[in-house]
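**Student:** With the sequence up front, the predicted model follows.
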Amino acid sequence: MAQNKRRGRKKHTPTISNTGFIGSVFIDTLELQKKSYYFARKKLQIVHHVLDGLAGATSSLFKEHNISAHMSCVYLHKQKKIGFVLSTKPFEQADGVAYFKNYLIEKNFYDKQDAEFQEVFNTGFIGVVFADISSIDRFNFDFEMSMLSKLMKDMIIPIKELFLRHNIPAYISTSHLEEQNKLGFVLSVKPYDERAEADLYFETYLKERGLYIGDEEDEIDKIVIRKKVELI
(Lines give C-alpha, C1' and ligand atoms only; values in the text may rest on other atoms or scores of the structure.)
Protein backbone atom coordinates (compact mmCIF):
# COMPACT_ATOMS: atom_id res chain seq x y z
CA MET A 1 0.00 0.00 0.00
CA ALA A 2 1.46 3.27 -1.07
CA GLN A 3 1.34 6.13 1.37
CA ASN A 4 1.32 9.78 0.56
CA LYS A 5 4.32 11.35 2.18
CA ARG A 6 3.86 14.68 3.86
CA ARG A 7 5.94 17.24 2.14
CA GLY A 8 7.47 19.73 4.48
CA ARG A 9 7.23 23.41 3.72
CA LYS A 10 10.35 24.82 2.22
CA LYS A 11 11.54 27.58 4.47
CA HIS A 12 13.71 30.41 3.38
CA THR A 13 16.30 30.99 6.05
CA PRO A 14 17.30 34.66 6.21
CA THR A 15 21.01 35.29 6.41
CA ILE A 16 23.07 38.02 8.05
CA SER A 17 25.68 39.47 5.73
CA ASN A 18 27.11 42.06 8.10
CA THR A 19 30.25 40.87 9.88
CA GLY A 20 30.48 43.86 12.19
CA PHE A 21 27.83 43.02 14.78
CA ILE A 22 29.25 42.98 18.29
CA GLY A 23 26.19 42.35 20.43
CA SER A 24 22.95 43.74 21.75
CA VAL A 25 21.79 45.46 24.92
CA PHE A 26 18.15 45.13 25.86
CA ILE A 27 15.46 45.06 28.50
CA ASP A 28 12.67 42.57 29.11
CA THR A 29 9.41 44.50 28.99
CA LEU A 30 7.70 41.91 31.18
CA GLU A 31 10.25 42.61 33.91
CA LEU A 32 9.38 46.30 33.66
CA GLN A 33 5.80 45.43 34.54
CA LYS A 34 7.04 44.90 38.09
CA LYS A 35 7.70 48.66 38.20
CA SER A 36 4.11 49.44 37.28
CA TYR A 37 2.39 52.25 39.16
CA TYR A 38 -1.22 53.34 39.12
CA PHE A 39 -1.38 57.02 40.03
CA ALA A 40 -0.24 59.70 37.60
CA ARG A 41 3.05 61.39 38.53
CA LYS A 42 4.59 64.74 37.70
CA LYS A 43 8.01 63.18 37.12
CA LEU A 44 9.16 60.30 34.99
CA GLN A 45 9.60 57.17 37.10
CA ILE A 46 11.07 54.64 34.68
CA VAL A 47 12.10 55.89 31.23
CA HIS A 48 15.28 57.76 32.17
CA HIS A 49 16.58 54.93 34.34
CA VAL A 50 16.09 52.37 31.56
CA LEU A 51 17.64 54.61 28.92
CA ASP A 52 20.65 55.38 31.09
CA GLY A 53 21.14 51.69 31.80
CA LEU A 54 21.04 50.87 28.09
CA ALA A 55 23.36 53.79 27.32
CA GLY A 56 25.90 52.58 29.87
CA ALA A 57 25.78 49.01 28.56
CA THR A 58 26.15 50.30 24.99
CA SER A 59 29.20 52.36 25.93
CA SER A 60 30.79 49.38 27.69
CA LEU A 61 30.24 47.05 24.75
CA PHE A 62 31.74 49.51 22.28
CA LYS A 63 34.68 50.04 24.64
CA GLU A 64 35.34 46.28 24.65
CA HIS A 65 35.78 46.55 20.87
CA ASN A 66 38.00 49.65 21.08
CA ILE A 67 35.29 52.04 19.88
CA SER A 68 35.25 55.35 21.80
CA ALA A 69 31.49 55.86 21.82
CA HIS A 70 30.35 56.92 25.28
CA MET A 71 26.89 58.13 26.23
CA SER A 72 24.49 58.52 29.11
CA CYS A 73 20.88 59.59 29.54
CA VAL A 74 20.11 62.77 31.46
CA TYR A 75 16.67 63.81 32.68
CA LEU A 76 16.19 67.42 33.78
CA HIS A 77 12.79 67.40 35.46
CA LYS A 78 12.51 71.15 36.03
CA GLN A 79 13.48 71.86 32.43
CA LYS A 80 11.26 69.02 31.19
CA LYS A 81 14.01 67.76 28.93
CA ILE A 82 15.41 64.26 28.50
CA GLY A 83 18.32 63.35 26.29
CA PHE A 84 21.50 61.47 25.54
CA VAL A 85 24.88 63.11 26.12
CA LEU A 86 27.56 61.84 23.73
CA SER A 87 31.31 61.79 24.17
CA THR A 88 34.48 60.31 22.71
CA LYS A 89 35.81 59.86 26.25
CA PRO A 90 34.33 58.27 29.39
CA PHE A 91 32.78 60.75 31.83
CA GLU A 92 31.13 61.01 35.22
CA GLN A 93 27.37 61.43 35.58
CA ALA A 94 27.73 64.91 37.11
CA ASP A 95 29.80 66.00 34.13
CA GLY A 96 27.12 64.73 31.77
CA VAL A 97 24.41 66.68 33.57
CA ALA A 98 26.53 69.85 33.55
CA TYR A 99 27.27 69.49 29.85
CA PHE A 100 23.58 68.96 29.08
CA LYS A 101 22.66 72.13 30.98
CA ASN A 102 25.39 74.11 29.22
CA TYR A 103 24.22 72.80 25.86
CA LEU A 104 20.64 73.93 26.54
CA ILE A 105 21.79 77.35 27.73
CA GLU A 106 24.02 77.84 24.70
CA LYS A 107 21.25 76.83 22.28
CA ASN A 108 18.65 78.97 24.11
CA PHE A 109 16.60 75.97 25.19
CA TYR A 110 17.15 76.48 28.91
CA ASP A 111 14.06 77.89 30.63
CA LYS A 112 15.80 80.39 32.88
CA GLN A 113 17.11 83.76 31.81
CA ASP A 114 19.94 84.11 34.34
CA ALA A 115 21.18 80.52 34.08
CA GLU A 116 24.91 80.13 34.63
CA PHE A 117 27.21 77.80 32.74
CA GLN A 118 28.41 74.79 34.72
CA GLU A 119 32.01 73.67 35.00
CA VAL A 120 32.73 70.67 32.77
CA PHE A 121 35.91 68.59 33.09
CA ASN A 122 35.50 66.08 30.29
CA THR A 123 36.98 67.28 26.99
CA GLY A 124 35.41 64.59 24.82
CA PHE A 125 31.79 65.75 24.60
CA ILE A 126 30.50 66.00 21.04
CA GLY A 127 26.83 66.86 21.48
CA VAL A 128 23.39 66.10 22.82
CA VAL A 129 20.27 64.49 21.38
CA PHE A 130 17.23 65.40 23.46
CA ALA A 131 13.46 65.61 23.56
CA ASP A 132 11.32 68.40 24.98
CA ILE A 133 8.50 66.89 27.05
CA SER A 134 7.11 70.17 28.40
CA SER A 135 3.72 69.44 26.82
CA ILE A 136 3.22 66.48 29.16
CA ASP A 137 1.91 67.32 32.62
CA ARG A 138 1.42 63.84 34.07
CA PHE A 139 2.91 60.43 33.47
CA ASN A 140 1.53 56.96 34.06
CA PHE A 141 3.09 53.54 33.54
CA ASP A 142 1.51 52.75 30.17
CA PHE A 143 2.45 56.14 28.81
CA GLU A 144 6.05 55.69 29.95
CA MET A 145 6.25 52.33 28.16
CA SER A 146 5.06 53.91 24.91
CA MET A 147 7.38 56.84 25.45
CA LEU A 148 10.35 54.53 26.05
CA SER A 149 9.86 52.74 22.75
CA LYS A 150 9.35 55.98 20.82
CA LEU A 151 12.42 57.70 22.27
CA MET A 152 14.60 54.68 21.56
CA LYS A 153 13.45 54.52 17.95
CA ASP A 154 13.47 58.26 17.22
CA MET A 155 16.61 59.34 19.07
CA ILE A 156 18.98 56.56 18.09
CA ILE A 157 19.21 57.77 14.47
CA PRO A 158 20.66 61.22 15.28
CA ILE A 159 22.87 59.60 17.95
CA LYS A 160 24.42 57.30 15.37
CA GLU A 161 24.80 60.17 12.88
CA LEU A 162 26.54 62.33 15.48
CA PHE A 163 29.06 59.60 16.27
CA LEU A 164 29.72 58.99 12.57
CA ARG A 165 30.19 62.70 12.00
CA HIS A 166 33.10 62.50 14.44
CA ASN A 167 34.54 59.46 12.66
CA ILE A 168 33.42 57.01 15.33
CA PRO A 169 32.12 53.78 13.74
CA ALA A 170 29.33 53.22 16.24
CA TYR A 171 26.40 51.80 14.32
CA ILE A 172 23.30 51.44 16.48
CA SER A 173 19.69 50.62 15.72
CA THR A 174 16.64 49.90 17.84
CA SER A 175 14.93 46.53 17.73
CA HIS A 176 11.63 45.74 19.40
CA LEU A 177 10.55 42.09 19.30
CA GLU A 178 7.12 42.48 20.86
CA GLU A 179 6.28 38.76 20.82
CA GLN A 180 9.54 38.15 22.70
CA ASN A 181 8.94 41.04 25.12
CA LYS A 182 12.40 42.38 24.30
CA LEU A 183 13.37 45.95 23.46
CA GLY A 184 16.95 46.99 22.87
CA PHE A 185 19.82 48.26 20.76
CA VAL A 186 21.72 46.26 18.17
CA LEU A 187 25.38 47.31 17.92
CA SER A 188 27.84 47.03 15.06
CA VAL A 189 31.23 48.42 14.05
CA LYS A 190 30.24 48.26 10.37
CA PRO A 191 27.27 49.69 8.44
CA TYR A 192 24.41 47.32 7.65
CA ASP A 193 20.89 47.17 6.27
CA GLU A 194 18.91 48.05 9.38
CA ARG A 195 15.52 46.96 8.06
CA ALA A 196 16.77 43.60 6.86
CA GLU A 197 19.31 42.69 9.51
CA ALA A 198 18.68 44.45 12.83
CA ASP A 199 15.73 42.34 14.01
CA LEU A 200 17.24 39.20 12.49
CA TYR A 201 20.49 39.69 14.39
CA PHE A 202 18.60 40.46 17.61
CA GLU A 203 16.64 37.22 17.24
CA THR A 204 19.83 35.28 16.60
CA TYR A 205 21.50 36.93 19.59
CA LEU A 206 18.63 35.87 21.87
CA LYS A 207 18.52 32.33 20.48
CA GLU A 208 22.23 31.80 21.04
CA ARG A 209 21.74 32.69 24.70
CA GLY A 210 18.62 30.63 25.22
CA LEU A 211 16.47 33.73 25.69
CA TYR A 212 14.27 33.31 22.64
CA ILE A 213 10.75 31.93 23.00
CA GLY A 214 10.57 29.03 20.52
CA ASP A 215 8.70 29.24 17.24
CA GLU A 216 5.68 26.95 17.56
CA GLU A 217 5.74 26.05 13.88
CA ASP A 218 9.35 24.98 14.11
CA GLU A 219 8.57 22.83 17.13
CA ILE A 220 5.63 21.17 15.36
CA ASP A 221 7.76 20.40 12.34
CA LYS A 222 10.18 18.53 14.59
CA ILE A 223 7.50 16.00 15.56
CA VAL A 224 8.05 12.69 13.79
CA ILE A 225 4.89 10.67 13.14
CA ARG A 226 5.49 6.96 12.79
CA LYS A 227 2.63 4.92 11.40
CA LYS A 228 2.64 1.17 10.98
CA VAL A 229 0.34 -0.19 8.31
CA GLU A 230 -0.47 -3.88 8.41
CA LEU A 231 -1.89 -5.70 5.44
CA ILE A 232 -4.26 -8.56 6.22
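**Tutor:** Thanks, I have the structure now.
**Student:** Spatially, and excluding backbone neighbours, which residue is closest to V25.
**Tutor:** A57 (3.9 Å; CB to CB, 6 or more residues apart in numbering). Using the backbone N, CA and C atoms, a C-beta is placed for each residue, glycine as well.
**Student:** Which strands or helices does the host helix or strand of the one you found pack on?
**Tutor:** Assigning secondary structure by DSSP states H and E places A57 in helix 47-64. Judged by 3 or more CB pairs under 8 Å, 6 or more residues apart in numbering; DSSP states H and E, the packing partners of helix 47-64 are strand 21-28, strand 70-76, strand 81-87, helix 141-165, strand 182-188.
**Student:** What mean pLDDT does that helix get?
**Tutor:** Helix 47-64 shows a mean pLDDT of 98.
**Student:** One more: stretch 200-208?
**Tutor:** 97.
**Student:** chain center to it: distance?
**Tutor:** 14 Å (CA atoms, centre = their mean, to the nearest Å).
**Student:** quick one: contacts of that stretch?
**Tutor:** Residues outside stretch 200-208 that contact it (CB atoms under 8 Å, 6 or more residues apart in numbering): 14, 16, 18, 21, 23-24, 26, 175, 177, 180, 182, 184, 186, 212.
**Student:** low-scoring pLDDT stretches of the chain, where are they?
**Tutor:** For the chain, the stretches with pLDDT under 70 are 1-13, 215-232.
**Student:** Excluding chain neighbours, what is closest to G53?
**Tutor:** Nearest residue to G53, sequence neighbours excluded (CB to CB, 6+ apart): I27, at 7.5 Å.
**Student:** beta partners for the one you found?
**Tutor:** L183 (DSSP bridges).
**Student:** The residue nearest to P90 when sequence neighbours are not counted: what's it in contact with?
**Tutor:** Excluding the flanking residues, the one nearest P90 by CB to CB, 6+ apart is H70, at 5.2 Å. When contacts are counted by CB under 8 Å, 6+ apart, H70 touches S59, F62, K63, L86, S87, T88, K89, P90, F91, G124.
**Student:** Let me see the contact set for the first one.
**Tutor:** S59 sits next to A69, H70, M71, S72, P90 when contact means CB under 8 Å, 6+ apart.
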